[in-house]
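In: let's see this in three dimensions:
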Amino acid sequence: MRNRKRDREEWRKKKRSLSDNGDIPCLFGNSDMPDIVSGWALYEDALIFNTSINLNETVRVNENFYIGKQWEGVESNGLPTPVFNFLKRVVGFIVATITTDNIRVNATPLASTANTEELVEPARIVNEEFETLAEQNKIPSLMREFARNAAVDGDGCLYTYWDPDVETGEDGKKGQIKTELVENTRVFFGNPNDRRVQCQPWIMISTREFCRDAQKRAYENGQEDYFSIGPDTDMRDIDAAKLVGDEDKCTVLLLMWRNEKTNTIWAFEFAEDCPIKDPWDTKMSMYPVTWLNWDYVQNCYHGQSMITGLIPNQIFVNKIWAASMLSFLKTAYPKVIYDKTRVTKWDNRVGGAIGINGGDVNTVARIMDPATISPQIAQFIELAVNQTEESLGATAVALGDTRPDNTSAIIALQRAAATPTELTKQNLYQCLEDLFRIYLEFMATFYGKRRVDTPTPEKIRQAASFAGVEVPDEVPMEFDFSKLKNHPMLLKLDIGASSYYSEIASMNTLDNLLQQKQITLLQYLERIPDGYIPARRALVAELKEAQEQQQQMMMAQMQAQQRQTPGAPADVSGEIAGPLEARDKPEIPNTGGGFGALQRKIIEQGNTDGMV
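Out: Model (predicted):
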């Protein structure tokens, strides 16, 4: 087997020599396409950057303190090791505050887009697909874990990919968009000084897989050296070799970069000694990565965790509790002092008798009062915890630890407590919008032509009504999702309590317009949000059908009135035009031949008697 480490050193030397000679190196040194040598060298350089900022150790400590392993690696020497984990309570409260189950993303055409009216139906199809993807990928639950990772580890990452093997229920159509969480220690940016995802020259994601699975995929992709993939050590963690179950695993890297010629995202999957899948064009114009920093760190793509700066507070509280517990165990209980010359053995049994040989009983033994613990210790512990929670916005009012004597004051204080997390909440919502924009890109790239339910066209409904045939409210029709690439959509995000308020306000406005008879019932039903009235579309279709029948009856009445009043033409509105004097002798144009005289005779007589 070749010395891969030596190959990587030679690649680095060639890359430095190109820069020293004044040449502009390619993205991967002397080539625009990566191989296992250049790709693994980039991976090693990215690990060096993470080590320089102590990322792996920081994440390990944060995770231990969050789950309650707060005495990890500490020699207790017989001391008690209490854990009063107020950090987990604060993190849970903040994450629950900024996340919500009511997630809705609406796609609307840009106002500057030509023929905006023609994009109303595609936008509706995209919105319905968004709801399906949100349900399939369990986006509300995913966002909570996404925010939790950012709060504890400093960063949250979502990776979206195309699974071509999922059945869609449509003949000949397979594939589904999937999203999964990725730890921040497994994501590497080409420019570690920039946190913007779409501005990166390349992005790499590492995974630990069983060697057999990696070899199988490499064989299926036509790699002849698939057998060279073997177990290795996880370079992210020096203690990884000690983990049970990690002995037969290897590191698999997915490298994504923006091709300067095609302006699309390319990908390359490989292990240290063998490619798994040769570079391919994903046809995507965006990196399928969503990145969230809990708190920004200047000149670094990794953020600052919420609990990193609070760990000393947690350690202090635990130590004070440990010292207090030790003192309590040793001095809190009363002790008996007795004269051994007069009592050879003390009996502590309840109700037990102790005999002595004469003398004053009062001078035989006495009880020593226990030592008292200063109440300031408990007060200081409580003060330290409260100050830490309040600094993060988790006040007693917000946590529900106060009596609601004044409702208005409670609400005002709760809103004020949520202010420190408002910036993080907006960042989370922006990430969610970026995720659905990636979904839109996947739909335009991979969906192709698929059958979707669309409202029955009016022409088909009219033809079916004329033939006396019932038609469903929706019919499956083929929609070409690739057209979405030519029509940029403006994603409008409705999330949290604000969406409830906006829907209530819209419903109140529509109700008032209907009560004031400013709009019809049909206009009202077409504009209310989905979910308020069951089978709303069916009701709309029934109203339209009733209107059509009413119009047909009016036309039939108008024609009957015309037959009763010969020579009276009807105007566009269906009313009989002109006074009776003007309708007695209508002006008949001369159409040539004998038709004009014949038509005038029929109008004057009112029938064809004697003419046929």
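In: what secondary structure does Pro257 sit in?
Out: Careful, residue 257 is Trp; it's not Pro. Three-state call for Trp257 (DSSP: H, G, I helix; E, B strand; the rest coil): strand.
In: so what pairs up with it in the strands?
Out: Trp202, Trp266 (DSSP bridges).
In: which residue packs closest to Trp99, ignoring adjacent ones?
Out: No, residue 99 isn't Trp; it's Thr. Arg144 (4.9 Å; CB to CB, 6 or more residues apart in numbering). In short, each C-beta sits where N, CA and C put it, glycine included.
In: neighbours of that neighbour, how many?
Out: 18 (other CB atoms under 10 Å).
In: can you tell me the helix or strand for it?
Out: Element membership for Arg144 (DSSP states H and E) is helix 139-153.
In: buried ones in that helix?
Out: Neighbour-count burial for helix 139-153 flags Ile139, Leu142, Met143, Arg144, Phe146, Ala147, Arg148, Asn149, Ala150, Ala151, Val152, Asp153 (criterion: 16 or more other CB atoms under 10 Å).
In: could I get those residues as TSV with pLDDT?
Out: Formatted as TSV, the buried residues of helix 139-153 follow (pLDDT from 0 to 100):
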residue	pLDDT
Ile139	91
Leu142	92
Met143	91
Arg144	92
Phe146	94
Ala147	93
Arg148	94
Asn149	94
Ala150	94
Ala151	92
Val152	93
Asp153	93
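In: longest strand anywhere in this structure?
Out: Counting by DSSP state E, the longest strand found in the chain is strand 155-167.
In: and it with helix 139-153, angle?
Out: Between strand 155-167 and helix 139-153, the angle comes out at 150 degrees (axes from the mean of the first three to the mean of the last three CA atoms, to 10 degrees).
In: list of residues touching strand 155-167?
Out: Residues outside strand 155-167 that contact it (CB atoms under 8 Å, 6 or more residues apart in numbering) are 142, 146-150, 174-184, 187, 205, 288-294, 302-303, 431, 435, 438-439, 442, 446.
In: of the residues you listed, grab the buried ones for ChimeraX.
Out: Selection of buried members from these for ChimeraX, criterion 16+ other CB under 10 Å:
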select :142,146,147,148,149,150,175,176,177,179,182,183,184,187,205,288,289,290,291,292,293,294,302,303,431,435,438,439,442,446
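In: in helices only, show me the contacts of strand 155-167.
Out: Leu142, Phe146, Ala147, Arg148, Asn149, Ala150, Cys431, Leu435, Ile438, Tyr439, Phe442 (DSSP state H).
In: who touches the residue nearest to the last one when sequence neighbours are not counted in this structure?
Out: It stands for Phe442. Nearest residue to Phe442 in three dimensions, chain neighbours excluded: Ile177, at 4.8 Å (CB to CB, 6+ apart). By CB under 8 Å, 6+ apart, the contact list for Ile177 reads Leu133, Asn137, Thr160, Tyr161, Trp162, Asp163, Tyr439, Phe442, Met443, Phe446.
In: Ile354: which of those residues is nearest?
Out: Each of the contacts of Ile177 was checked against Ile354 using CB to CB; the closest is Asn137, at 74.9 Å.
In: and for the closest one, the neighbour number?
Out: A total of 19 residues lie near Asn137 under the criterion other CB under 10 Å.
In: what does Tyr532 give?
Out: 11.
In: what's the answer for Leu253, then?
Out: The number of residues packed near Leu253 is 22, by other CB under 10 Å.
In: just grab the bridge partners of it for me.
Out: Going by DSSP bridges, Leu253 is paired in beta bridges with Ser206, Phe270.
In: ok so, going back, nearest to Ser38, out of the ones in helices among the contacts of strand 155-167: which one, please.
Out: Nearest to Ser38 among those: Ile438, at 26.9 Å, using CB to CB.
In: residues in contact with the helix holding Arg144?
Out: For helix 139-153, the surrounding residues in contact (CB under 8 Å, 6+ apart) are 59, 62-63, 66, 91, 94-96, 98-101, 103, 133-134, 155-158, 179, 181, 183-185, 292-294, 303, 305-307, 428, 431-432, 435.
In: what part of the chain, helix or strand, is modelled with the least confidence?
Out: Scoring the helices and strands of the chain by mean pLDDT, DSSP states H and E places helix 580-584 at the bottom, with a mean of 44.
In: just checking, Gly230 touches Ala214?
Out: No - with contact defined as CB atoms under 8 Å, Gly230 does not count as touching Ala214 (9.6 Å).
In: find residues that contact each of the two.
Out: Here Gly230 and Ala214 share the contacting residues Cys250, scored by CB under 8 Å, 6+ apart.
In: in terms of packing, which of these two has more residues around it?
Out: Per other CB under 10 Å, whichever of Gly230 and Ala214 has more neighbours is Ala214, with 23 against 15.
In: quick check: the nearest residue to the more buried one once chain neighbours are set aside vs Arg4, distance?
Out: Ranked by CB to CB, 6+ apart and with sequence neighbours excluded, the top spatial neighbour of Ala214 is Ile229, at 5.0 Å. Distance, Ile229 to Arg4, by CB to CB, to the nearest Å: 12 Å.
In: okay, and the common contacts of those two?
Out: Contact criterion CB under 8 Å, 6+ apart; residues shared by Ile229 and Arg4: Asp273.
In: neighbour count winner among those two?
Out: Taking other CB under 10 Å, Ile229 and Arg4 do not tie; Ile229 has more neighbours (27 against 14).
In: thought the more buried one was touching Asp273?
Out: Yes - if you go by CB under 8 Å, Ile229 and Asp273 touch, sitting 6.4 Å apart.
In: separate out the buried members of the contacts of helix 139-153.
Out: Judged by 16+ other CB under 10 Å, buried ones among the contacts of helix 139-153: 59, 62-63, 66, 91, 94-95, 98-100, 103, 133-134, 155-158, 179, 183-185, 292-294, 303, 305-307, 428, 431-432, 435.
In: how about the strands in the stretch 301-450 of the chain?
Out: With DSSP state E, counting those that start in this stretch as the criterion, the stretch 301-450 of the chain has strands at 335-338, 365-368, 449-455.
In: can you give me the pLDDT of Gln523?
Out: Gln523 carries a pLDDT score of 83 in this model.
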